[in-house]
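[1] Show me the folded form of this:
(chains A and B)
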Amino acid sequence: MNNDLKLITERLDAGFKRLPQTRYQVQITDDPYDKTYNFFLNYQHRGRRLKSQPLHAVSQYQLTYLEQLIKGLREHTQLSFEFVGFTGQRWPSNQRLIQGRRYKDE
Amino acid sequence: MNYQNEPHGVFFLIDNKSFYASVEAVARGWNPLKVSLVVMSEADNTNGGLVLATSPEAKKQYHLQANVSRAREVPQDPQLVVVPPRMNLYIKRNLQINDIFRRFVANEDLLPYSIDESILDLTHSWRLFGQTPREVAVRIQKTVRRELGLYTTVGIGDNPLQAKLALDLYAKHDADLIGEIHYETVPQKIWTVDKLTAIWGIADRTAAHLNRLGIHNMYELAHVDPYQLNGEMGLIGQQLFAMAWGIDRAQLNQRRGPKHASLGNSQVLPRDYVQQKEIETVIKEVGEQVASRLRHHHQQAACVSLGIGFSYAASAEDGRGGFHQEMRIAPTDQNAEIVAAIIQLFRRNWQGQTVRNIAVYTSRLCAATGLQLNFFEPAKTQLKRVKADHVVDAIRDRFGFTRLVYASSLQRGGTAINRASLVGGHNGGNAYE
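    You can find the predicted model right below:
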């Protein structure tokens, strides 16, 4: 856990350059094929192409673990998170939906 | 044409739809066919960025070429996603896909053709998986999609050539992503092709040569006098003629290795190199890399070659794009000897031109069964030198290349450290995943 969190935060800090007029977002994908949770740093300057930098793939494929990891990450960063591929799944602790609606290109 | 004596089998050529782009899309939870995505390598020698793969949607929307477009040709559209390559991940996926194929064919009937293409000989096994070859193809496609999320295109033919042509000409544009060519359908499917360069194995030069002979499409190629074609183009002429008739006598399970193996590396430099010392630093690094690969393969080389490509300006001035020289040496796998030989080649041929491209190749390989001692040095010194190379290799294998580098790589111009994590010249991906 700590190692996963450490790798993600390190790479996040390296990629989060606080460029002006740029939106930064952390994307978290449920990858059912590899049975991993994939983390990406997405950033986009206004009107430009979206860039998506891979941060890490977490191989411990359990929502309880992911929830802990996200909690740790929230303490580290204020960036907004975008969840992809989690439709229908709920957080184990409070039974809230992880991802509201399916994206159109999922 | 009597096809009776030609080999009849069931061959599939399966390739992945926009392989790198699809793998990246799936990793992000997106559908590979719906998202607009390009994989762009931004290594420091790519001059701003090189597009390695484009998703089908991006090809459609922005009319991008399949690969090696430049970054400046890619529009700044907010709908478009740009991702860096992860070569190690693609290699892993390729192995997974071939593992799936091995459930449908025996290992000797499977030939991985490139990172995203494989040839399958289903002659003996297709009946186990469906009523028709097409049904089996759909089944393979569904298996790959279900287990890896990737879309595959399948070319079906009675021999590998027909499968390849079916894939290139028809499967990629078919709604089911399947194309078929059989001996009976050669006239409809192959002769109707008007553009020679659309055919596998015919590029601009061959097409121009054929045009000079009055051949402008596949129908004309199939109806030319084969003896005349052979007289003009030699063996390749025969091959082209056979291709126009959909004939291929290759047997997949009788593999033919290369007659003469060679081993080498090349790189494009991130900027123009002018100073002799800088150029020699890189030549030395590449030479050491090649020597290290020889040792890993337990081979020794008896011939080294050096290829130097000039920068655009220098080649316009010089009249040639660069030079390529080779030299015989006593069989060796040692850094010092290989580097000495290529540096000598460089100094003999280089006349101050700016350099942009460096290639070092070794050939005439033989098994490294022992060390040829010479009379002029004590045997101990010679043995020690050999051991030093092997120890450096062992340390790098265990801890990584950058843990132990020669001081010359730290000098201005050295590229080895920056390139250490690249796979096939592109970003390999994050470590620890």
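
[2] Just give the number of residues close to the residue in the stretch 201-350 of chain B positioned nearest to chain A.
    Proximity of the stretch 201-350 of chain B to chain A (CB to the nearest CB) peaks at residue B:270, 21.0 Å away. Any C-beta I mention is one placed from the backbone N, CA and C, and that applies to glycine too. If you count neighbours by other CB atoms under 10 Å in any protein chain shown, residue B:270 ends up with 16.

[3] just checking, what packs against the helix or strand encompassing it?
    Take DSSP states H and E as the rule and residue B:270 turns out to sit in strand B:263-273. The contact analysis (3 or more CB pairs under 8 Å, 6 or more residues apart in numbering or on different chains; DSSP states H and E) places strand B:263-273 against helix B:276-296, strand B:299-310, strand B:355-367.

[4] For the longest one, output the C-alpha coordinates as PDB.
    Output in PDB follows, covering the C-alpha atoms of helix B:276-296 (Å, rounded to 0.1, in the frame of the first residue of the first chain):
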ATOM      1  CA  GLN B 276      34.800  14.600 -33.300                       C
ATOM      2  CA  LYS B 277      35.000  13.900 -29.600                       C
ATOM      3  CA  GLU B 278      31.200  14.000 -29.200                       C
ATOM      4  CA  ILE B 279      30.600  11.700 -32.100                       C
ATOM      5  CA  GLU B 280      33.200   9.300 -30.900                       C
ATOM      6  CA  THR B 281      31.600   9.200 -27.500                       C
ATOM      7  CA  VAL B 282      28.300   8.000 -29.000                       C
ATOM      8  CA  ILE B 283      30.000   5.600 -31.400                       C
ATOM      9  CA  LYS B 284      31.800   4.100 -28.300                       C
ATOM     10  CA  GLU B 285      28.600   3.800 -26.400                       C
ATOM     11  CA  VAL B 286      26.800   2.100 -29.300                       C
ATOM     12  CA  GLY B 287      29.800  -0.200 -29.800                       C
ATOM     13  CA  GLU B 288      29.700  -1.200 -26.100                       C
ATOM     14  CA  GLN B 289      26.000  -1.800 -26.300                       C
ATOM     15  CA  VAL B 290      26.500  -4.100 -29.300                       C
ATOM     16  CA  ALA B 291      29.400  -5.900 -27.600                       C
ATOM     17  CA  SER B 292      27.300  -6.500 -24.500                       C
ATOM     18  CA  ARG B 293      24.500  -7.900 -26.600                       C
ATOM     19  CA  LEU B 294      27.000 -10.200 -28.300                       C
ATOM     20  CA  ARG B 295      28.100 -11.500 -24.900                       C
ATOM     21  CA  HIS B 296      24.500 -12.100 -23.800                       C
END
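
[5] what would the helices and strands packed on strand B:263-273 look like in CSV with distance to chain A and mean pLDDT?
    Putting the helices and strands packed on strand B:263-273 into CSV (distance: least, CB to the nearest CB, whole Å; pLDDT from 0 to 100) gives the following:
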stretch, distance to chain A, mean pLDDT
helix B:276-296, 26, 94
strand B:299-310, 31, 95
strand B:355-367, 28, 93
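
[6] Least confident secondary structure element in chain B?
    strand B:69-70 (a mean of 74; mean pLDDT, DSSP states H and E).

[7] list the helices and strands that strand packs on?
    strand B:50-54.

[8] Tell me the buried residues in the helix or strand just after the strand it packs on?
    Note on strand B:50-54: by DSSP H and E, the next helix or strand toward the C-terminus is helix B:56-62. Within helix B:56-62, the residues that count as buried by 16 or more other CB atoms under 10 Å in any protein chain shown are B:56, B:57, B:58, B:59, B:62.

[9] who's in contact with helix B:56-62?
    B:17-18, B:21, B:32-38, B:64, B:66, B:74-75, B:77, B:79-80 (CB atoms under 8 Å, 6 or more residues apart in numbering or on different chains).

[10] try 7 Å this time
    The set of residues external to helix B:56-62 that reach it, using CB atoms under 7 Å, 6 or more residues apart in numbering or on different chains, is B:17, B:18, B:33, B:34, B:35, B:36, B:37, B:38, B:64, B:74, B:75, B:80.

[11] Please export the C-alpha coordinates of that helix as PDB.
    Extracted in PDB, the C-alpha atoms of helix B:56-62 (Å, rounded to 0.1, in the frame of the first residue of the first chain):
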ATOM      1  CA  PRO B  56      -9.300   4.500 -35.900                       C
ATOM      2  CA  GLU B  57     -11.500   7.400 -34.700                       C
ATOM      3  CA  ALA B  58      -8.500   9.900 -34.800                       C
ATOM      4  CA  LYS B  59      -7.600   8.700 -38.200                       C
ATOM      5  CA  LYS B  60     -11.100   9.400 -39.400                       C
ATOM      6  CA  GLN B  61     -11.400  12.800 -37.800                       C
ATOM      7  CA  TYR B  62      -8.000  14.300 -38.500                       C
END
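
[12] Could you check how far it is from the centre of its chain?
    24 Å (CA atoms, centre = their mean, to the nearest Å).

[13] Counting neighbours, what do you get for the residue in the stretch 101-250 of chain B positioned nearest to chain A?
    Of all residues in the stretch 101-250 of chain B, residue B:149 sits closest to chain A, at 4.8 Å by CB to the nearest CB. Neighbour count for residue B:149, taken as other CB under 10 Å: 21.

[14] Residue B:34 too?
    Around residue B:34 there are 15 residues (other CB under 10 Å).

[15] Excluding residues flanking it in the chain, which one is nearest it?
    residue A:105 (4.1 Å; CB to CB, 6 or more residues apart in numbering or on different chains).

[16] Next one: that neighbour relative to residue B:195, how far apart?
    Here residue A:105 is placed at a distance of 33 Å from residue B:195 (CB to CB, to the nearest Å).

[17] Please apply the same query to residue B:333.
    Using CB to CB, residue B:333 is found at 47 Å from residue B:195.

[18] more crowded one of the two?
    residue B:333 (25 against 11).

[19] correct me, but that one touches residue B:366?
    No. With contact defined as CB atoms under 7 Å, residue B:333 does not reach residue B:366; the gap is 10.1 Å.

[20] residues shared between the contacts of those two?
    B:299, B:300.

[21] residues contacting the residue of chain B found nearest chain A?
    Going by CB to the nearest CB, chain A is nearest to residue B:29 of chain B, at 3.6 Å. Residues near residue B:29 by CB under 7 Å, 6+ apart: A:29, A:30, A:31, A:84, A:85, A:106.

[22] Please tabulate the residues you listed in CSV, including the columns pLDDT, neighbour count and secondary structure.
    Formatted as CSV, these follow (pLDDT from 0 to 100; neighbours: other CB atoms under 10 Å in any protein chain shown; DSSP: H, G, I helix; E, B strand; the rest coil):
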residue, pLDDT, neighbour count, secondary structure
A:29, 95, 22, strand
A:30, 94, 20, strand
A:31, 94, 19, strand
A:84, 93, 20, strand
A:85, 92, 21, coil
A:106, 79, 16, coil
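
[23] which of the residues you listed come close to chain B?
    A:29, A:30, A:31, A:84, A:85, A:106 (CB under 7 Å from any CB of the partner chain).
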